[in-house]
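**Student:** show me how the following folds:
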Amino acid sequence: MRNSKIVAQVITVCLLLVATRLSWSADNKQPWQQLYTGAEATGASVISLWQFLPGQESKDNSGHGHDLKLRGEARFVTEGPFGGALESFPADTKNDKAQGAIARSKPDLSPDGGFTLEAWFMAKPEMDQYANVWLLDKKYVNYVRDTPEANWDYCLYMSRSGTNKRRLTASLGFGKDSAFLTGPEIEVLPGKWQHVAFTYDGAGVCRFFVNGKLLGKVLLEGRGPGDSGQT
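**Tutor:** Residues are numbered from 1 along each chain as shown. This is a model prediction of the structure:
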């Protein structure tokens with residue numbers, strides 16, 4: 001049975017704006033290289049899907065109503081691999097306010113078993129200045145706080161490991177504590193679109209994929225489903 005999916009298919013992760021389109025060979029396209037449609041977009045296994053399509057930029061294209069609201073300087077642009085994207089900006093000491101796009105928290109955004117997080121992203125040159133860049137985040141900033149919420153749900157981000165290099169990192173909340181999982185180091189060049197995915201099977205096995213290739217596997221001994229904090 002396939003895991004549930006929370007997909008930002010063309011999230012423009014932190015700091016992007018380059019008028020570029022992907023040019024895959026039509027004969028060699030894999031599912032992740034295409035705009036999700038049909039069951040891949042609205043099937044029972046899809047929890048949420050944000051594709052930023054023209055005229056419906058903020059819509060959850062899975063049909064489940066998890067629509068987005070922009071924050072800070074974030075904006076929708078048309079320079080994505082499928083014709084649309086979300087451009088985001090840094091939130092640092094010089095610009096201390098919420099950034100990006102947010103969907104209202106609802107119980108079905110917290111899977112009770114296995115799930116997949118995936119996103120397309122492209123960096124602008126200035127992204128290399130920042131230590132961490134978030135792709136998808138339901139732990140919010142609470143993951144660094146000593147609060148019950150710090151150990152709920154999930155997030156996927158990239159930590160700087162060198163010049164134009166990042167490590168994919170995921171955090172899963174298990175109620176009393178959280179697991180932080182370090183994935184593969186990848187080269188992040190400005191102006192280059194890449195696809196990343198993190199899967200958790202609900203029983204301790206985590207996998208990291210980059211451009212369709214399995215590049216990392218982590219086993220969490222004794223772990224089961226994550227904790228959403230929902231009652």
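**Student:** retrieve the pLDDT associated with the residue nearest to residue 130 when sequence neighbours are not counted.
**Tutor:** Leaving aside its chain neighbours, residue 130 sits nearest to residue 90 (5.8 Å; criterion: Cβ to Cβ, 6 or more residues apart in numbering). In this view, the C-beta of every residue, glycine as well, is placed from N, C-alpha and C. Residue 90 carries a pLDDT score of 86 in this model.
**Student:** count residues in the vicinity of residue 90, would you?
**Tutor:** 17 (other Cβ atoms under 10 Å).
**Student:** from memory it sits against residue 99, does it?
**Tutor:** Yes. If you go by Cβ atoms under 8 Å, residue 90 and residue 99 touch, sitting 7.0 Å apart.
**Student:** roughly how far apart are residue 187 and residue 162?
**Tutor:** Going from residue 187 to residue 162 by Cβ to Cβ, to the nearest Å gives 9 Å.
**Student:** er, residue 200 actually
**Tutor:** 27 Å.
**Student:** between the two, which one's more packed in?
**Tutor:** Between residue 200 and residue 162, counted using other Cβ under 10 Å, residue 200 has the larger neighbour count: 26 against 11.
**Student:** specify the local secondary structure of the residue nearest to residue 130.
**Tutor:** Classification of residue 90 using DSSP: H, G, I helix; E, B strand; the rest coil returns coil.
**Student:** hmm, residue 187 is touching residue 163, no?
**Tutor:** No. Counting by Cβ under 8 Å, residue 163 is not a contact partner of residue 187; they are 9.7 Å apart.
**Student:** more neighbours, the two?
**Tutor:** residue 187 (12 against 8).
**Student:** correct me if wrong: residue 74 contacts residue 98.
**Tutor:** No. Between residue 74 and residue 98 there is no contact under Cβ under 8 Å: 9.2 Å.
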